[in-house]
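# I need the structure of the sequence given here:
(chains A and B)
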Amino acid sequence: MVVYTFAVDQFNRTILIFAVALGAILIALALGQISNSGGPLTPYVDQLSTFATVFLGIFIEAAPFLLLGTIASGIVEVFFNHDDVARLIPRDPVRGAVAGAMLGFFFPVCECGVVPLTRRLFKKGLPLSVGVAFLLAAPVFNPIAIASTIAAFGVGKMLFLRVGLTLLIAIVVGLIFAAQKHPEGMLRPNAWAPISGGAEIAADSTVAATPFVRPSLRAGLPQVVGVAVDEFFEMGRYLILGSLLAALMQTVVTQSSLLGLSAGPIISVLVLITLAVVLSICSTVDAFIALAFTGAFTTGSVVAFLVFGPMVDIKSTIMYLGVFKRRAVVYLILLPLIMTILAAVFINLNTTW
Amino acid sequence: MSTRTYRALQILILAALGAFLLQKIWSGTLYWYINQRFAFLTLLASLGLLAMAQISFNALRQKREAGLSPKQAPEHDHIHDHSHDQDHSHERLPIWGLVIVALPVLLGLIVPAKPLGSAAIANRGVNTSASLVASGSTKAATLDMSPEDRNVLDWVRAFNFSSDPQTFVGQSADVIGFVYHDKRLGETQFLAGRFTVNCCVADAMAIGVVTEWADSKTLADNSWVRVRGTIKVAEVDGKPIPLIVAESVEAVPPPELPYLFP
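From the prediction side, this is the model:
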């Protein structure tokens, strides 16, 4: 009897899979027909095509960087010990946050790659404050992003304002997180270190018993890939959901209505911050986009675009939700937001260029 | 779902994503999505995805030959992380997690693939005098170009860079673009438009050159045309912009590279 039920289940599942596949093929054919027909439904299908194109554009652009991040994460997992991290990172919170913000220079990842890497570093026992400073600074303070900023703006005030302000905000937010006594209150369980917080937790932990053996390079590679695949599927979900949302916003919100509001020391800042969040452009290339706004927008607002966009946008916010608890994500958005606005408005009011 | 089925589906999706990207590169449609200069990154990513699928497949097969279920295989402890007690996240991953990661391929297959057209302008607006990215060398190159070689972007740029746009008057123009009837234009005018893409289509901006053509009304939005004519200077918001007085407007097939890459 049991065997019989099992067979029916298998049979049903096969039918279901075939039905779904057949349905998908039929929908694809129908959409293709409507798209070419020029009939009354064509504009809607065209909108759908635009949506899909923008979504795929963001995904294709981000995929290499996400892969890079997941592989970096795999390397950290397989070749780095919990003690290595503890040894390399300064204990005192101020120097820790500064070190975290600087760390980006050695990990050329953008905002898609930095999230899985940071989570992995958390698991290896990186203090919360250091990780947060790294998370916020790395997308800008890394060789690729700096090179593209120089390519777009040259070595000048825009470069220094962008890098300086990013480091400052990252360090300050890192220090605010340093005041948090229990990282577990901020991180989701899948980012907890096996032992965190010191001896009293370690004492009743059975986990710490796992000895760390650094594998050879040859044996390590499949392990790195194993971790990277898992990471790709976990973080890829958030990246893809974020890309979908960003593409939807772009199809629904009219940009021209936003760009019409380019005047004023405060409004211009808010407009370009909104645009940075909606566009969700990779931090390694956003300088080229910002250049297009320099004529029409205030200097402070372009700086805000270049500083805030890499820290918070639609796709990175959704990726943050996979690592941090909701309360922490709110801090991660609001603290940089307030500081960016204050700094940008200050720039606008105190400079003439 | 057993861990093995889950692994097998992961491998399948990785390979499908890799193949999907390779197909886009192969067919040339990759440039409907991103700027040319990032194509090698996409190539690396697609090869990386395929390599990851292959390595994971080998691991899965070895495990099967060893007759061990993945949970017992000691060499795969790392996949569960060293924090066994806290992290079983991927075991809790329901099937929708896989479906989401497969979405790029699914959407790519189901929705008709098209480059951005004038349908997208409604949301993005069109720019006739964009201050576009340009280094000093681009600037010189644009101004030195022979007029017939200039595309839509070059014309808009040339007018931006030049201190005296009047020098362009009477030069002959030969550009390809899609037709867009902007509401602000007259009945005998249309825009010969192109999208410029710096990074990926998320940042696409429409630019266009106003074209004077008596039969403008008969041209359908989003159809591709080749415009030949002479340049005049028009003015929008006090800024000089190029205007082509068309001598001929002929329908052409969409260009292989629909966007211009500044």
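
# Relative to A:Val329, how far out is the residue most central in space within chain A?
Against the mean C-alpha coordinate of chain A, by Cα atoms, centre = their mean, the closest residue is A:Ser316 at 3.3 Å. Look at A:Ser316 and A:Val329: by Cβ to Cβ, to the nearest Å, they are 10 Å apart. In short, each C-beta sits where N, CA and C put it, glycine included.

# for A:Leu337, same thing?
Using Cβ to Cβ, we find A:Leu337 at a distance of 12 Å from A:Val329.

# Next, show the common contact partners of those two.
Among the neighbours of A:Leu337, none is also in contact with A:Val329 (Cβ atoms under 8 Å, 6 or more residues apart in numbering or on different chains).

# got any ranges where the stretch 51-200 of chain B has weak pLDDT?
For the stretch 51-200 of chain B, the stretches flagged by pLDDT under 70 are B:67-94, B:122-123, B:125, B:127-139.

# could you pull out the strands for it?
Assigned by DSSP state E, counting those that start in this stretch, the stretch 51-200 of chain B shows strands spanning B:126-127, B:172-180, B:189-196.

# By neighbour count, which bits of the second one are buried? Give me those.
Okay, so that is strand B:172-180. By 16 or more other Cβ atoms under 10 Å in any protein chain shown, the buried positions in strand B:172-180 come out as B:Ala173, B:Val175, B:Ile176, B:Gly177, B:Phe178, B:Val179, B:Tyr180.

# Briefly note if that strand comes near chain A.
No. Counting by Cβ under 8 Å from any Cβ of the partner chain, no contacts exist between strand B:172-180 and chain A, the nearest distance being 12.8 Å.

# same thing with the last one?
No. Strand B:189-196 lies out of reach of chain A by Cβ under 8 Å from any Cβ, never closer than 9.0 Å.

# Isn't B:Leu41 up against A:Pro64?
Yes. Assessed by Cβ atoms under 8 Å, B:Leu41 is found in contact with A:Pro64 at 4.1 Å.

# and the residue most central in space within chain B, how far is that from chain A?
Centroid-nearest residue in chain B, with Cα atoms, centre = their mean: B:Tyr33, separated by 2.5 Å. Distance, B:Tyr33 to chain A, using Cβ to the nearest Cβ, to the nearest Å: 4 Å.

# Skip the chain neighbours and tell me the closest residue to that residue.
Closest residue to B:Tyr33 apart from its sequence neighbours, by Cβ to Cβ, 6 or more residues apart in numbering or on different chains: A:Gly57 at 4.2 Å.

# Quick check, A:Val277 in contact with A:Gly309.
Yes. Using Cβ under 8 Å as the test, A:Val277 is close enough to A:Gly309 to be in contact (7.2 Å).

# how about the helices in the stretch 1-150 of chain B?
B:3-27, B:39-65, B:89-92, B:95-110, B:118-124, B:136-144 (DSSP state H, counting those that start in this stretch).

# Highest mean neighbour count out of the ones you listed?
helix B:118-124 (a mean of 20; mean count of other Cβ atoms under 10 Å in any protein chain shown).

# just checking, what packs against that one?
Contact analysis of helix B:118-124 by 3 or more Cβ pairs under 8 Å, 6 or more residues apart in numbering or on different chains; DSSP states H and E lists helix A:42-79, helix A:217-252, helix A:255-259, strand B:172-180, strand B:189-196, strand B:205-212 as its packing neighbours.

# partners of the last one, with directions?
Within its sheet, strand B:205-212 is paired with strand B:126-127 (parallel), strand B:189-196 (antiparallel), strand B:239-251 (parallel), according to DSSP bridges.

# Just after that strand, pick out the following helix or strand.
Beyond strand B:205-212 on the C-terminal side, the first helix or strand identified by DSSP states H and E is strand B:224-236.

# And that next one, what does it pack against?
strand B:172-180, strand B:205-212, strand B:239-251.

# Which stretch among these is buried most, on average?
strand B:205-212 (a mean of 24).

# and that one with strand B:172-180, angle?
Computed by axes from the mean of the first three to the mean of the last three Cα atoms, to 10 degrees, the angle separating strand B:205-212 from strand B:172-180 equals 120 degrees.

# Can you show me the CA trace of strand B:205-212 as CSV?
Listed next in CSV are the C-alpha coordinates belonging to strand B:205-212 (Å, rounded to 0.1, in the frame of the first residue of the first chain):
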residue,chain,number,x,y,z
MET,B,205,19.8,57.2,-21.0
ALA,B,206,17.9,58.1,-24.2
ILE,B,207,19.5,60.7,-26.4
GLY,B,208,18.3,62.0,-29.7
VAL,B,209,18.8,64.4,-32.5
VAL,B,210,15.7,66.4,-33.6
THR,B,211,15.0,65.7,-37.3
GLU,B,212,12.9,67.8,-39.6
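
# Report the rounded mean pLDDT for it.
Per-residue pLDDT over strand B:205-212 has a mean of 88.

# And for stretch B:4-24?
93.

# ok, residues contacting it?
Contacts for stretch B:4-24 (Cβ under 8 Å, 6+ apart): A:60, A:63, A:229, A:232-233, B:30, B:33, B:42-43, B:45-50, B:52-53, B:56-57, B:60, B:64, B:69-70, B:90, B:93, B:98, B:101-102, B:104-105, B:108.

# sorry, back to before: could you dump the helices of the stretch 1-150 of chain B to CSV with distance to B:Leu257?
Output for the helices of the stretch 1-150 of chain B, formatted as CSV (distance: least, Cβ to Cβ, whole Å):
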stretch, distance to B:Leu257
helix B:3-27, 13
helix B:39-65, 12
helix B:89-92, 41
helix B:95-110, 19
helix B:118-124, 17
helix B:136-144, 18
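
# Of all the ones you listed, which one is nearest A:Thr251?
Proximity to A:Thr251 (Cβ to Cβ) singles out helix B:118-124 among the helices of the stretch 1-150 of chain B, at 6.5 Å.

# What about B:Leu219, how many residues nearby?
By other Cβ atoms under 10 Å in any protein chain shown, the residues close to B:Leu219 number 18.

# Touching, it and B:Thr211? I think so.
No. Using Cβ under 8 Å, B:Leu219 makes no contact with B:Thr211, being 9.5 Å away.

# Spell out which residues are contacts of both of these two.
With Cβ under 8 Å, 6+ apart, B:Leu219 and B:Thr211 have common neighbours B:Phe190, B:Val249.

# mind putting the helices and strands packed on strand B:224-236 in JSON lines, distance to A:Gly264 included?
Converted to JSON lines, the helices and strands packed on strand B:224-236 look like this (distance: least, Cβ to Cβ, whole Å):
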{"stretch": "strand B:172-180", "distance to A:Gly264": "30"}
{"stretch": "strand B:205-212", "distance to A:Gly264": "23"}
{"stretch": "strand B:239-251", "distance to A:Gly264": "21"}
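
# Mind checking those strands for the one nearest to A:Val45?
The nearest among those, by Cβ to Cβ, is strand B:172-180 at 17.7 Å.

# Who does that closest one pair with, and is each partner parallel or antiparallel?
strand B:189-196 (antiparallel), strand B:224-236 (antiparallel).

# Buried deepest among the ones you listed, which one?
strand B:189-196 (a mean of 25).

# what residues are up against A:Val269?
A:Thr298, A:Gly300, A:Ser301, A:Ala304, A:Thr340, A:Ile341, A:Ala344, A:Val345, A:Asn348.

# got it, and B:Leu106?
A:Ala24, B:Val99.
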